[in-house]
Structure formats: C-alpha cells, structure tokens
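Enquirer: Everything below, folded, please.
(chains A, B, C and D)
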There are 2 protein chains.
Amino acid sequence: MVDEIVNNPTANRPTTPEDRLREAIVTGRFQPSERLIEVDVARELGVGRSAVRTALARLEHEGLIEHERHRGARVRLVSAKEAVEILETRAVLEGVAARHAARNASPDDVARLQGILEGMRQRLDGGDLLGASDENAVLHGRILEISHHGTVTRLIATLKSQLKSQLVRFQYRTILLPGRSEHSFGEHASIVDAIAAGDAPAAEAAMRTHLSHVAEALRGEAAGGLSR
Amino acid sequence: MVDEIVNNPTANRPTTPEDRLREAIVTGRFQPSERLIEVDVARELGVGRSAVRTALARLEHEGLIEHERHRGARVRLVSAKEAVEILETRAVLEGVAARHAARNASPDDVARLQGILEGMRQRLDGGDLLGASDENAVLHGRILEISHHGTVTRLIATLKSQLKSQLVRFQYRTILLPGRSEHSFGEHASIVDAIAAGDAPAAEAAMRTHLSHVAEALRGEAAGGLSR
DNA sequence: TGCGCCACGATGGTTGACGAAATTGTCAAC
DNA sequence: GTTGACAATTTCGTCAACCATCGTGGCGCA
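Expert: Below is the predicted model of the structure:
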C-alpha cells in the first residue's frame, strides 16, 4: 500500500503529455526564461494544444513554469537565492517529518532505518560516494513515510521537483565535497538515533542542523556555480 | 512594486472560470467528496468543458480537489487530522518567515508592525473580537511580506486555501474562544518584539509557540466539531 | 449463484474556429 | 528626435464537435 516513490527506469511507455513536458523542462530542453508558446510546444512534443494547456497548468503549480494570464508561460528560473530558500524550507519541513517519525516509528521501522544507515557506511568505506548519496535519498524518503504526514510529504515533493530542474545544470551532489561525506554520515546517524529513542524534539533538531549544513555547503558551491 | 495582496471587495467583475469554480467549492456549493463531472460543472458555471478542465487542473495542485487519471475529480475532504497537519505545517513555515523578518525588518517595517499591534489592542479594548481577528491576519501577512521569502510565502498561500474550504463549515475563529484573545495578543506582541530586536531565533520560536497554541485550541474545538 | 463479456459513462486528447487581450509596429504631429 | 495614438499581429482563452481509451456496472451465460 505504501509504495515507494521510485523513478522507474526503463518503465512502461505510455508517457502522458504532462510527463513529457516536465521531462523536457527538467532536462533543459527548454531553457529558463524561455517563452513557451502553446502551439510551438505542441508541435515540439507532437501533441495537441489542449494537452499542452493542461500540462502547463499542472506544471505551473509545481513551480516549474510561471504563467500570466493572456501573457503565456515561461520556464521559471530558480535563482541561487531561491535555491537556498527551497533548501531552507525543506529543512524545517523535514524537521517536522523527523519529529513525527520519532513519535510513530515502530521497532521494525527503526530497524529498517538502521539498515539503510548500515548500507551508507559500507558504501562510504568502499569509496562509493554516489551510491552513498542515493542511500541518503532513500533514508530521507523513508523518514517521510514513517512520519505519515501527508501535508509535509506533499510539500516536500513539490519543492524537490522545483530543484530538480536546476539539478541538471548545477551538480548538487554536496556529498562529493571533500570531508562532507563523513560529516553527513554522522548527522544521519544522529537523526536515526533520535528517532530510535523516540525523542521527537531531538529528531527535529538533528534533521534541521543536518540540512542547514547541506544548505551551507551548497551556498559555498553556489557562489561559484550558480551566480551567473 | 510590492503591492499589497488585498482581497479587493466589490472589485472588477471579470472573474475567470477558475475563480468561479474555486468560489463554488470554497463556499460549499459543491460538497466534499462529490464527484465533479466535467460536463455538469461546465453547465453549472455556464462555461465550456475545456475551461473547466484547466480550472480543475489548477485547483488540483491547490489541494482543493483530488484527481485520478481516467477516474475524474472530486472535492477533497480535509479531515480533522489533516487540518491539524496543515496548521502544524503553517506553524513551522511562518516560523521561518518570522526568522527572516527579524533579519530584514527596517525601522519602518517595525513601526508598521507595532501599528498593527496597536490596532489590535484598541479593537480588543473595544470588544471588537472579529475586528481583532482581521488585524491578526494582517499582521501575519505583513510579516510574510517583510520576510521576502517567496518560497515560504507561496507554500503558506496554498495551505491557506486548503483550509479555507473547511473554514466555511467549521468556524475557525479561535480568537473567539474565552480568554484566547488576550493570550493571543501577548503572543503576537512577543513576535513583534523579537522582530523589532532583530532576534531571529526568538522570532521563530515565538511564532511557533503562538501557532502551536492556536493549533491546540483548534484541536479542542475540532474534537467537538470536525470529528463527524 | 458466480463469472466473464460488453455496452455505457466519463475522461483524455484532437482539431478548428473565434473573440479578447497584449505586444509590436507604424505614422503623424510636435 | 521624441512622443502619442492607432493599426496590425501575435498569442491566449474559450467553445464546439469528435474520437479513443479507461472503468465500471449490468447482463447474459454457464
């Protein structure tokens, strides 16, 4: 019932126009600030105008595009400042999730979290930083699930998709920064520990400090990468 | 440039179909869980089906309706649990806003906040509880503006609209609860004080405790009103 | 009684058309 | 040369009619 939200690789074909447009934006096929003329997009994607319209409407509220009445849509440019804003917002939201996870977690949940942590440890020891980064995402996702907080889960999902469009252009793998991986592992361990102990405030605090560090690391990188 | 986002009373007529549908849902013209058949809605609103389609797409990501592919849309029912979730989420988001406001506030901003506080004081002394409740909304809105945090502002706006649809059915004027108004005023004063002092952590903490009290008051009321 | 097929209801999407609004371009007057 | 008004163009907003697809419930058959 609580299915993982996995990005199915090589999955079934029937992609909706919405997915295709999102894909085109996220992969940078449409440049930021570029005007999205409905008929052009329709031709580009090989679908009708109405399909593009509904897709645009959805993508607007996902924050991928801006749209003014009678003036059309354009790809939204996420500035460095805004990227930091998003990270910061995610920090407090995931903090709430961690708090609830600490209250809800069954022994089984805790075991699974510790298992993920274990996997991170092994990959780090093996020098597989990218693999560890993936485990990272899994851990955060699992905590969200355990929290059973629909509202927070939903908001984080939209924030994620907003950053994703920029992810392609600026490599946001902070875990690749020297020294960051070990530091990050320790922070994750603290979060899991707090959840295991059922200490809700500690879990929230740990999550927030963790993500504020990520944001900080990013800010440093952004100064060189995002500014222009 | 930084125009107030006021709900213009008796303003210009040209309402979009989207606005009209939102209005219809929010005012309870369509019942929760009611299926929204496109053609019926179209006839009801006196517009075409395509207009309804776009409106539905937008309203979906505002959280006012649910939508499953090939299975249509229905008005989303916000349960009591979810209402609390939303309040809780708003609490941390507005906490972030307060934190930023404390960092950004110019002397002028502080003066305006204190002016609003003064207005609340006067209305409370005059026994005008509803008026004070309005000032309350103004104060929160002003803090959001001062924060200059677009992401948080946007998220709070959507959360608000989700609750608004339930607002009509359950009177969420917690300030009307006995004793709550005075308590609330003190909390607001603390928030403004922290912002005036430029004390970011204090501002965030004050906002969070304030809103957690609101949520608590609500939970008590919800037990009698929302449960069934 | 129970199972499966099929028709119907509703959505997803297409095409084509038209009015409305915004932008752009032009031209004359100052 | 600059400004203002007006015309032309672009693009969106909406409608209408149409077909394909998906779900679902009922009917018939076993």
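Enquirer: Only C-alpha atoms from now on, for both contacts and neighbour counts.
Expert: OK.
Enquirer: near chain B, which residues of chain A?
Expert: A:50, A:53-54, A:57-58, A:61-62, A:82, A:85-86, A:89, A:92-93, A:96, A:149-152, A:155 (C-alpha under 8 Å from any C-alpha of the partner chain).
Enquirer: which of these are buried?
Expert: A:53-54, A:57-58, A:61-62, A:85-86, A:89, A:92-93, A:96, A:149, A:151-152, A:155 (16 or more other C-alpha atoms under 10 Å in any protein chain shown).
Enquirer: among the residues you listed, which are in helices?
Expert: Counting by DSSP state H, these place A:53-54, A:57-58, A:61, A:85-86, A:89, A:92-93, A:96, A:151-152, A:155 in helices.
Enquirer: Quick one: the helices in chain A, in order.
Expert: A:17-26, A:38-45, A:49-61, A:80-104, A:107-125, A:129-147, A:150-167, A:180-196, A:200-225.
Enquirer: Tell me the confidence at the residue most central in space within chain A?
Expert: Centroid check for chain A by C-alpha atoms, centre = their mean gives A:K160 as the closest residue, at 3.1 Å. As predicted, A:K160 sits at a pLDDT of 87.
Enquirer: swap in A:A111?
Expert: In this model, A:A111 carries a pLDDT of 97.
Enquirer: and it, how many neighbours?
Expert: 14 (other C-alpha atoms under 10 Å in any protein chain shown).
Enquirer: helices and strands around the least confident helix or strand in chain A by mean pLDDT, which ones?
Expert: Ranking every helix and strand in chain A by mean pLDDT, DSSP states H and E puts helix A:17-26 at the bottom, with a mean of 78. For helix A:17-26, the contact count by 3 or more C-alpha pairs under 8 Å, 6 or more residues apart in numbering or on different chains; DSSP states H and E identifies helix A:38-45, helix A:49-61, helix A:150-167 as packing neighbours.
Enquirer: One more pass at 7 Å, please.
Expert: helix A:49-61, helix A:150-167 (3 or more C-alpha pairs under 7 Å, 6 or more residues apart in numbering or on different chains; DSSP states H and E).
Enquirer: relative orientation of it and helix A:38-45 in degrees?
Expert: 90 degrees (axes from the mean of the first three to the mean of the last three C-alpha atoms, to 10 degrees).
Enquirer: if we can go back for a sec, possible to save the ones in helices among the buried ones among the residues of chain A next to chain B as TSV with pLDDT and distance to DNA strand D?
Expert: Shown next, in TSV, are these (pLDDT from 0 to 100; distance: C-alpha to the nearest atom of the strand, whole Å):
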residue	pLDDT	distance to DNA strand D
A:R53	89	7
A:T54	85	10
A:A57	86	9
A:R58	83	13
A:H61	81	14
A:E85	92	28
A:I86	91	27
A:T89	95	30
A:V92	96	34
A:L93	97	32
A:V96	97	34
A:T151	95	25
A:V152	97	27
A:L155	94	25
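Enquirer: what pLDDT does the residue sitting furthest away from the middle of chain A get?
Expert: Distance from the C-alpha centroid of chain A peaks at A:H70, with 31.6 Å (C-alpha atoms, centre = their mean). At A:H70, the model reports a pLDDT of 90.
Enquirer: coming back round to it: pull the residues that contact the least confident helix or strand of chain A.
Expert: A:30, A:51-52, A:55, A:164-165 (C-alpha atoms under 7 Å, 6 or more residues apart in numbering or on different chains).
Enquirer: One more: stretch A:205-217?
Expert: By C-alpha under 7 Å, 6+ apart, stretch A:205-217 touches A:84, A:87-88, A:91-92, A:94-95, A:98, A:174, A:187, A:190-191.
Enquirer: Chain B: which of those residues is nearest?
Expert: Nearest to chain B out of these is A:V92 (C-alpha to the nearest C-alpha; 6.5 Å).
Enquirer: How about the contacts made by the closest one?
Expert: A:208, B:92.
Enquirer: okay, the helices of chain A, which one's buried deepest?
Expert: Highest mean neighbour count of those: helix A:80-104, a mean of 23 (counted as mean count of other C-alpha atoms under 10 Å in any protein chain shown).
Enquirer: Tell me what angle that one forms with helix A:129-147.
Expert: 50 degrees.
Enquirer: From the chain's centroid, how far away is helix A:80-104?
Expert: Relative to the centre of its chain, helix A:80-104 is centred 11 Å away, using C-alpha atoms, centre = their mean, to the nearest Å.
Enquirer: Quick check: the gap between A:A80 and A:A73.
Expert: 21 Å (C-alpha to C-alpha, to the nearest Å).
Enquirer: Of the contacts of helix A:17-26, which are in range of DNA strand C?
Expert: A:51-52 (C-alpha under 7 Å from any atom of the strand).
Enquirer: which among the contacts of helix A:17-26 gets closest to A:A197?
Expert: A:K164 (33.3 Å; C-alpha to C-alpha).
Enquirer: Who are the contact partners of the closest one?
Expert: A:V26.
Enquirer: Please parse chain A into its domains.
Expert: Listed by automatic domain parsing, the domain ranges of chain A are A:17-75, A:80-225.
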